[in-house]
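S.K.: Sequence first, then the predicted structure, then my questions.
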Amino acid sequence: MGTRVDVEPFLAVGEVLSERGWEVVCLFPEQFRGMTEAMGFGFHGFSEEFLKLIDGTDAKEILGGEGGVLSRLKNWLSLARKGMKLARESVEIQHRVTLDESPDRIIYHPKCNTAIVWGMANSGKAIQLAPIPGLAHAVDDFAPMWKDLGRTINNTSYRLINWFKAFAVKRFSKKLTKDHGIRKLSVSAINKAMLETEKTIYTVTPSLFERPEYWPETAQVVGYFERNKAANWTPDERLLKFLESHKKIVFISFGSMTNTKPREKTEAIVNVLKRNNIPAIINTSWGGLCEINDAPEHVLFVIDVPYDWLYPHVYAVVHHGGSGSTHMAMKYGLPALVVPHALDQPFWARKVHEKGLGPEGLPINALDENELEKRLLELLDNKELRANAAAMSEQMGSESDIDALYELILKTR
């Protein structure tokens, strides 16, 4: 349940299972039906309203980093109210699909915690998959919102949030437990299952986030996995001609992030590219950026393009700092300028800069021409960033063991 960054790790794991003879059935927002069925997987859909919330003013202001503390709190509360009805519906859908499909394994996102109830009745067969750290198990040096508030506050925050999640699971799953053969369900038992007795796999690279030693053995950092997104995709002549005609191209994309001023942000970017004659491909994607009619010929706009096809053809990337975008840039040895919007993105921006893989991040609400120009020129002129990214790519290549991941999914004890 979430945007494409949430869905992609599940499709990658689904591909691993499918290649080993498993039947894969996915439950995602309805907007992802086409891409899922194109992979040959079964599909059940959550309401389209989940992702439509992101297109609303509340979400755009949050993701754009706009307004003061009170304004943001108001936006979050508004989203929460709209989301509660959808959350109740989602529990019913998850339960129905579980009964209809009678699965051998359930691999679930931390936003779909009710799957843990089925897992408690089928020990070792429900596996939580987290595409980013900080969604479940405590981390000493950052809190659940990926800011370091000090070890004590960080760990206390995790405890409070996880107990709240366990309480919500109990409340939403109360009428469903009998179908799973569970007579009594306590908040403490749910909390223990989510964090200690049942498996969690974090699909992130240890090169950026090393597994803490104080985590239980059931929580593992397994490395980054991606599916072949370019398998059924063909580039158009316009894109091929642009790649042939320009050198040292920058790819710019904010992925599924939106904001209330996409034209203003895009114009600032294009002005910097024009002033410095920097060739760039701008992905308008979900609307965080938009096409500008009078852009120079060395700026190309695209709606969507598979990163695994494009990245071997570009020199560097500017992205929003989602976990998937961060890992993809690293995998292909590309230095990156991160423009974080919200959630875990400032965390990845900090990691990229600390590892010498890109300039200091530039938050979306601070994006102006002067700051962007300084960082973009550093991204292109600092050869050490490119060398560090290449070294990180090589290191990352040895971390993601598909066979080990598969064995972890099979293991029930």
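M.R.: That came through fine.

S.K.: hey, let's count contacts and neighbours off CA atoms from now on
M.R.: Fine.

S.K.: Which secondary structure state does residue 129 sit in?
M.R.: Of the three states, residue 129 takes strand according to DSSP: H, G, I helix; E, B strand; the rest coil.

S.K.: contacts for stretch 303-316?
M.R.: The contact list for stretch 303-316 (CA atoms under 8 Å, 6 or more residues apart in numbering) reads 228-230, 233, 243, 248-251, 283-285, 328-329, 332, 334-336, 379-380.

S.K.: buried subset of the residues you listed?
M.R.: 229, 243, 249-251, 283-285, 328-329, 332, 334-336, 379-380 (16 or more other CA atoms under 10 Å).

S.K.: Identify those among those residues that sit within helices.
M.R.: Cross-referencing these against helices under DSSP state H gives 243, 328-329, 379-380.

S.K.: from these, which has minimum pLDDT?
M.R.: Across these, the bottom pLDDT score, 93, is held by residue 328.

S.K.: about what we covered before: dump the ones in helices among the buried ones among the contacts of stretch 303-316 into JSON lines; add distance to residue 105 as well.
M.R.: Shown next, in JSON lines, are these (distance: CA to CA, whole Å):
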{"residue": "243", "distance to residue 105": "44"}
{"residue": "328", "distance to residue 105": "28"}
{"residue": "329", "distance to residue 105": "31"}
{"residue": "379", "distance to residue 105": "44"}
{"residue": "380", "distance to residue 105": "46"}
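
S.K.: Got the phi and psi for residue 117?
M.R.: Taking degrees, to the nearest 10, you get phi -60, psi -50 for the backbone angles of residue 117.

S.K.: what residues are up against it?
M.R.: Residue 117 is in contact with 173, 177, 180, 190, counting by CA under 8 Å, 6+ apart.

S.K.: same deal with residue 127?
M.R.: Going by CA under 8 Å, 6+ apart, residue 127 touches 105-108, 119, 198-201, 409.

S.K.: before we move on, what about residue 329?
M.R.: Residue 329 neighbours (CA under 8 Å, 6+ apart): 311, 317, 335-336.

S.K.: Sitting in strands, which of these do you find?
M.R.: Among those, the members found in strands (DSSP state E) are 317, 336.

S.K.: Show me which residues of stretch 276-285 are buried.
M.R.: Under 16+ other CA under 10 Å, the buried positions of stretch 276-285 are 278-285.

S.K.: now these as JSON lines including pLDDT?
M.R.: What follows is the buried residues of stretch 276-285, written out as JSON lines (pLDDT from 0 to 100):
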{"residue": "278", "pLDDT": "98"}
{"residue": "279", "pLDDT": "98"}
{"residue": "280", "pLDDT": "98"}
{"residue": "281", "pLDDT": "97"}
{"residue": "282", "pLDDT": "97"}
{"residue": "283", "pLDDT": "95"}
{"residue": "284", "pLDDT": "92"}
{"residue": "285", "pLDDT": "81"}
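
S.K.: closest to residue 138 among those?
M.R.: Checking the buried residues of stretch 276-285 against residue 138 by CA to CA gives residue 285 as the nearest, at 33.2 Å.

S.K.: Considering the contacts of residue 329, which member attains the minimum pLDDT?
M.R.: pLDDT across the contacts of residue 329 is at its lowest for residue 311, which sits at 95.

S.K.: Average pLDDT for the stretch of helix or strand residue 192 belongs to, rounded please.
M.R.: Per DSSP states H and E, residue 192 falls inside helix 187-192. Helix 187-192 carries an average pLDDT of 92.

S.K.: And stretch 205-212, by the same measure?
M.R.: Averaging pLDDT along stretch 205-212 yields 92.

S.K.: If you count neighbours, what's buried in it?
M.R.: 205-208, 211.

S.K.: out of those, who's nearest residue 135?
M.R.: Proximity of the buried residues of stretch 205-212 to residue 135 (CA to CA) peaks at residue 211, which lies at 13.8 Å.

S.K.: Shouldn't the closest one be within a helix?
M.R.: No. Counting by three-state DSSP, residue 211 is not found in a helix; it is coil.

S.K.: ok, for it, nearest residue in space, not its chain neighbours?
M.R.: residue 221 (5.8 Å; CA to CA, 6 or more residues apart in numbering).

S.K.: is it true that that neighbour touches residue 202?
M.R.: Yes. Residue 221 is within contact range of residue 202, at 4.6 Å (criterion: CA atoms under 8 Å).

S.K.: Where does pLDDT dip in the chain?
M.R.: Applying pLDDT under 70 to the chain flags residues 50-85, 230-231.

S.K.: check contacts around the residue of it positioned farthest from its centre.
M.R.: In terms of distance from the mean C-alpha position of the chain, residue 183 ranks first, at 36.0 Å (CA atoms, centre = their mean). If you count contacts by CA under 8 Å, 6+ apart, residue 183 has them with residue 177.
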